[in-house]
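Curious how this folds, go ahead:
(chains A and B)
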2 protein chains.
Amino acid sequence: VLELRDRVLVFGRRVWRIGADDPRRAVHGLKVGLALALVSVFYYTRPLYDGVGGAAMWAVLTVVVVFEYTVGGCVYKGFNRAFATASAGVVALGVHWIASKSGDEVEPFIRSGSVFLLAAMATFSRFIPTVKARFDYGVTIFILTYSLVAVSGYRVGALLAMAQQRVSTISIGVSICIAVCTLICPVWAGQELHRATARNMEKLAGAVEACVEDYFAAEDEASNKQPSSKAEGYKCVINSKASEDSQANLARWEPGHGGFAFRHPYAQYRNVGAAMRHCAYCVEALSGCVRSAEIQAAPASTRRLLADACTRVAARCAGVLRAASTSVAEMTTSRGLDLAVGDMNAAVQELQDDLRALPSKLLLAEATAGSALVGAAQLFTITSLLIEVSARIEGVVDA
Amino acid sequence: VLELRDRVLVFGRRVWRIGADDPRRAVHGLKVGLALALVSVFYYTRPLYDGVGGAAMWAVLTVVVVFEYTVGGCVYKGFNRAFATASAGVVALGVHWIASKSGDEVEPFIRSGSVFLLAAMATFSRFIPTVKARFDYGVTIFILTYSLVAVSGYRVGALLAMAQQRVSTISIGVSICIAVCTLICPVWAGQELHRATARNMEKLAGAVEACVEDYFAAEDEASNKQPSSKAEGYKCVINSKASEDSQANLARWEPGHGGFAFRHPYAQYRNVGAAMRHCAYCVEALSGCVRSAEIQAAPASTRRLLADACTRVAARCAGVLRAASTSVAEMTTSRGLDLAVGDMNAAVQELQDDLRALPSKLLLAEATAGSALVGAAQLFTITSLLIEVSARIEGVVDA
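A predicted model of the protein is given here:
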C-alpha cells in the first residue's frame, strides 16, 4: 500500500510539473471546459433549444473535436470542418435527388456505390502531400458528412432540414471554439514558432561554446567528465523538425496578431530551422569527437597551442548565432549581425594560420586535436550558411 | 486554357505516381469505401435497421473516424473509442442520476459544472507523455461521450436506451473496421517498421561508401561535381524519427502476425533507430567535409597516401551495416556480423597506423585530408555503438 501511495505521489508530482512548466497547458484545459459549458447552455435555455432541436448534439461534438491548443490549429480545423460539411452536403443532396428519382430497386446501389467511390477517392487524396498538409481533417469530415447524408437520405424524409440544422449547429460550435480560443489567453502557433526559432539559436550557440570549452577544460580537471548540460542543447534543435513543420502549417491559418501579419512568411522559419539542424548535426559530430578525445587525449602541450584560436572561433560562432537570434526575435536586420560574421571569419582565418604554423613534429597529436579543429572549420562553413539564410529572412520579414 | 490543361495533366501524373509507388495506398482507399458500403447495408435492410434504429449513423461515423492505414492504427483507435465511450457512458450515467435527484434549479449547474471539470482535467491529461502516446484519441472520445450523455440527459428521457444504442452501434462500426482492415491486404505497422529499419541500414551503408568514394574520386574527374544520389541516402535516416516513433506506438496494438509475436519488442527498433540517426549525423558532417574539401582540395599526392586505408574503412563500415541489416531482416544473430565488426576494427587500426606514418612535412595537406579521416574514425566509434545495439536486439528478438 505504501508503495502504491509513493507511486501516486511521484506521478502526481510529475503531472504537477507539467502544469507548472507551462501554465498555458492548464489554461488550455480550462478553456476546453469553458467552451463545452457554453455550448451546453443551448440545451438548457428553452428558446435556444427550440431553435436548433436535438441536433444541438452536433454543436457539442464540434467543440470537442475542433478545439485545439493553438489558435492556428483551431482555425484550421474549424474552417476545414465547416467547409467540408457544406461541400459534402451539397454533393450529397445532388446524389440524393438522383437516387430518389430512380427506382426503389436501384436506389441503395446508387447510394452505396457513390459512397464507395467518393470515400475511396477522398481517402486516396490524403496521400497527396499538399492535401495532407492543409486539408487532412477536411477530407475526413467530407467523407463523414457525405456518407451520413447520402445514406440516411434513404430513411429520413426531411433531408434538407436536417442538412440545414447540421450546418447551423456546426457553425455555432465552430464560432464558440474560435471565440474562446482567440479571446482567452490565446496561444499563437506563429508566435510559438518564432520563439522556438530564437530559443533554438541561443541553445545552439551555447552548445558550440560548451563543446569546445569541455574539450580544453578536460585537460585541467580530468575528474570532471560529465558533459555540461549546455553542451546537450543541440539535441533539442536536432529533434525540432516535426513540431516546426506542424506549427508552420498551422500558423498559416492564423489571422494577423501582434507583430505578425496575416501572410507572414512562415515558410522562411522552416528554412532557418533546416539550416539550424544542418548546423546541429555538425555540433553533434563535434561533441562526439570531444567525447572520444577524452579517452585518448592529445598531449596537453599541443592542445594549448590551439586552445586560444579554437576557443575564439567557438565564441565568435556563438556570437553570430546570438546576434542572429536577437535579430530574428526583434525582426530587424541589424548591423551587429554583419559585424559578428566578419569577426567570425577573421577568427577562422587566424585558426587556420595557427594550424599551418604548428610544428610538424607534433603531427600525431595534431590528428587528435585536429578533430575539434576540423569540426570548428566545418562549423564555420555551416554557420555561414545559416547566416545567409537568416540574412535572407530578415530581408523578407522587413520587406 | 492550354496552360490549365497542362497543369491538370502534371497534377494528374503526380497523383498517379503516388499510387503507383505504393499500390497499397490505392487499396487503402478502396478498403475505406468497402467498409462504408458495408455499414450502409444496415440502413437498407429492414431487420437490421429496426435493430439499431436511427443511431446507425453512429456506426457510419465510427467507420470514417476509426479506419486507419495500418492495422495498429485501426486497433488503437477502435479500442480507444470503444473503451472511452463505455467508461464515459458509465460516469455520465452516474452524474445523470445525481443530477436528476437534485432540484430543477441546480440541475443544469451540476451538469455543466461536471462537464467543465472533467473536460478540463481530461484535456490537461493529454499533455502527459504516456497518455499522449497511448490514449490521446481515447481522451477526446471520453470528453465527447461524457458531454453528449451528461448534457442531453437534460432533455432526453430514455438515456439508458440511448447509451446502449450508442455502444452497440460503435461496436458494430469498430468490428467492421478491424475486420476489413485486417482481412484485406493488411498493412502492419510492425512490419513497416521492421522493413524501414533494415532499409535505412542499407541506405546508410551506401551513403558511407559513396561519401568516401566521392572524396577520392573528385581528384580524378573534377568536372563531375554532382554528389551521387547514393550519398544522399543518409537524409532519409536523419528524418526518420517521427514516423518511427508513431509506428512503434501503433505496432504495440497489433496482434501477432507473421514472424511478429504480440509483445514483439518494438521499443528496440526505436533504440536501433536512434543509434542509426546518431550515425547518420556523423555521415552528414562527413559529407559536409567532402563538399568543402572539393573547393580547397588537398594535393593529390597526400590523398593517395590515405585513399586505400580510408576506402577500406568505409567499405568495412558499410559491410557491418549491411550485415546488421540482413540480420535484422532475418531476425537472427549471425556469425557474419561479428566477423564484419572484426574486419572493420582491423581496418580502422590500419588507417590509424597509416596516419602515424604519414610524412610530417605534409602536415598542412593532412589537415584537409584528415577531415575525411577523422570523420571515418568517428564513424567507427558510432558504428560500433550501433552494432552493440543491434547485437542486443538480436538477443531480445531470438529470446
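
Confirm A:Glu254 sits in a helix?
No. Counting by DSSP: H, G, I helix; E, B strand; the rest coil, A:Glu254 is not part of a helix but coil.

nearest residue to it other than its sequence neighbours?
Nearest-residue entry for A:Glu254: A:Gly72, 4.5 Å, with adjacent residues in sequence omitted and distances by Cβ to Cβ, 6 or more residues apart in numbering or on different chains. Heads up, the C-betas are built off the backbone N, CA and C, glycines and all.

Check what pLDDT that neighbour gets.
Here, the pLDDT recorded for A:Gly72 equals 80.

elements contacting the helix or strand harbouring it?
Using DSSP states H and E, the element containing A:Gly72 is helix A:71-101. Judged by 3 or more Cβ pairs under 8 Å, 6 or more residues apart in numbering or on different chains; DSSP states H and E, helix A:71-101 is in contact with helix A:56-66, helix A:107-125, helix A:129-152, helix A:159-183, helix A:189-217, helix A:241-251.

Pull out the buried positions in that helix.
A:71-82, A:84-86, A:88-89, A:91-92, A:95-96, A:99 (16 or more other Cβ atoms under 10 Å in any protein chain shown).

next one: stretch A:183-201
Under the neighbour-count criterion of 16+ other Cβ under 10 Å, stretch A:183-201 has A:186-194, A:196-201 buried.

And for stretch A:122-130?
Across stretch A:122-130, burial judged by 16+ other Cβ under 10 Å covers A:Ala122, A:Thr123, A:Phe124, A:Ser125, A:Arg126, A:Phe127, A:Ile128.

Spit out the contact partners of the closest residue to A:Met121 other than its chain neighbours.
Residue nearest to A:Met121 in three dimensions, not counting chain neighbours: B:Gly29, with 6.7 Å by Cβ to Cβ, 6+ apart. Residues in contact with B:Gly29 (Cβ atoms under 8 Å, 6 or more residues apart in numbering or on different chains) are A:Ala119, A:Ala120, A:Met121, A:Ala122, A:Thr123, A:Phe124.

what about the third one, how many residues close to it?
A total of 15 residues lie near A:Met121 under the criterion other Cβ atoms under 10 Å in any protein chain shown.

ditto for the first one
Here the neighbour count serves as a burial measure; for A:Ala119 (other Cβ under 10 Å) it reads 28.

does A:Ala88 really touch A:Thr145, like I thought?
Yes. At 3.8 Å, A:Ala88 counts as touching A:Thr145 under the criterion of Cβ atoms under 8 Å.

Test my guess that A:Thr182 contacts A:Val71.
Yes. The pair A:Thr182 and A:Val71 passes the contact test of Cβ under 8 Å, sitting 5.6 Å apart.

Just the C-alphas of stretch A:103-117, formatted as PDB.
This file holds the C-alpha atoms of stretch A:103-117, laid out as PDB (Å, rounded to 0.1, in the frame of the first residue of the first chain):
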ATOM      1  CA  GLY A 103     -36.500   3.100 -58.900                       C
ATOM      2  CA  ASP A 104     -36.700   1.600 -55.400                       C
ATOM      3  CA  GLU A 105     -34.600  -1.400 -56.600                       C
ATOM      4  CA  VAL A 106     -31.600   0.600 -57.800                       C
ATOM      5  CA  GLU A 107     -31.600   3.300 -55.100                       C
ATOM      6  CA  PRO A 108     -29.500   1.500 -52.400                       C
ATOM      7  CA  PHE A 109     -26.900   0.600 -55.100                       C
ATOM      8  CA  ILE A 110     -26.600   4.200 -56.300                       C
ATOM      9  CA  ARG A 111     -26.200   5.500 -52.800                       C
ATOM     10  CA  SER A 112     -23.700   2.800 -51.600                       C
ATOM     11  CA  GLY A 113     -21.900   3.000 -54.900                       C
ATOM     12  CA  SER A 114     -21.400   6.700 -54.700                       C
ATOM     13  CA  VAL A 115     -20.300   6.500 -51.100                       C
ATOM     14  CA  PHE A 116     -17.800   3.800 -52.000                       C
ATOM     15  CA  LEU A 117     -16.400   5.800 -54.900                       C
END
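
quick one: contacts of it?
Outside stretch A:103-117, the residues within contact range by Cβ under 8 Å, 6+ apart are A:95, A:98-100, A:102, A:146-147, A:150-151, A:153-154, B:33-34, B:36-37, B:40-41, B:44.

any idea of the mean pLDDT for that stretch?
Taken as a whole, stretch A:103-117 has an average pLDDT of 79.

which of the residues in that stretch are buried?
Using 16+ other Cβ under 10 Å as the test for burial, stretch A:103-117 gives A:Glu107, A:Pro108, A:Ile110, A:Arg111, A:Ser112, A:Ser114, A:Val115, A:Phe116.

Correct me if wrong: A:Tyr137 contacts A:Ala82.
No. In this structure A:Tyr137 lies outside contact range of A:Ala82 using Cβ under 8 Å: 11.3 Å.

okay, now the spatially closest residue to A:His28 that is not a sequence neighbour: neighbour count?
Among residues not flanking A:His28 along the chain, A:Tyr69 sits closest, at 5.6 Å (Cβ to Cβ, 6+ apart). Neighbourhood size, A:Tyr69 [other Cβ under 10 Å]: 20.
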